[in-house]
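>>> Okay, here's the prediction I keep looking at, along with the sequence it came from:
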Amino acid sequence: MSSLAFASDSLNELSPCFEKSHCAFIELKVDDLQISFKNAEKAIQNLQRTEIVNKRPLYLQAVSKTRWMHFSDDIEINGIPERNSIQIRSESRIGVSDFGVNQRRLDYVLGLLGS
């Protein structure tokens, strides 16, 4: 399994998407970081073919299998208390294009957060 790296700074931010054709990333300000993080975690738990593989306070990593061909995609959620924000990143491990799967996954999580 691949391990997605944090960007190297003091806030432990997620790395940005380098290949936007198979990656989606968003950072959003939230009113209550703890509640928003728990709601995002529930959204990930509700995704079909998805398993949480790493969980720490204000950080979660999951692997989701695509419906077609069952490719593995990595999902990360990261809470940043210093900015009262949540970063969400979804990236395909292989391929040139994800056919919009990663962005739709982020849209689903954002819809449950009320954004």
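Cool, the structure landed.
>>> which ones are touching Glu27?
Listed by Cβ atoms under 8 Å, 6 or more residues apart in numbering, the contact set of Glu27 reads Ile80, Ser85, Ile86, Gln87, Ile88. Yep, even glycine has a C-beta here, placed from its N, CA and C like the rest.
>>> can you confirm it is in a helix?
No. Counting by DSSP: H, G, I helix; E, B strand; the rest coil, Glu27 is not part of a helix but strand.
>>> Just the pLDDT at the most far-flung residue of the chain relative to its centre, thanks.
Going by Cα atoms, centre = their mean, the residue of the chain most distant from its centre is Met69, 20.9 Å out. Met69 is assigned 80 on the pLDDT scale.
>>> Same check on the one 3 residues further on?
The pLDDT attached to Ser72 in the predicted structure is 91.
>>> ok, what's across the strand from it?
Here Ser72 sits in beta bridges with Lys65, as judged by DSSP bridges.
>>> from what I can see it touches Lys65, true?
Yes. Assessed by Cβ atoms under 8 Å, Ser72 is found in contact with Lys65 at 6.1 Å.
>>> returning to what we had before: tell me which of the contacts of Glu27 fall in helices.
If you go by DSSP state H, the contacts of Glu27 have nothing in helices.
>>> Out of these, which comes closest to Asn46?
Using Cβ to Cβ, Ile88 comes nearest to Asn46 of the contacts of Glu27, at 14.5 Å.
>>> so how far is Val96 from the closest one?
22 Å (Cβ to Cβ, to the nearest Å).
>>> what's the answer for Leu113, then?
Using Cβ to Cβ, which is the criterion applied here, Leu113 is 30 Å from Val96.
>>> Tell me which of these two has more neighbours.
Under the criterion of other Cβ atoms under 10 Å, the comparison of Leu113 against Val96 puts Leu113 first, with 18 against 8.
>>> What helix or strand is the closest residue to the more buried one other than its chain neighbours located in?
Spatial nearest neighbour of Leu113, chain neighbours left out: Asn39 (5.6 Å); criterion: Cβ to Cβ, 6 or more residues apart in numbering. Asn39 is part of helix 33-46 when elements are defined by DSSP states H and E.
>>> Right, I'll call it a day here.
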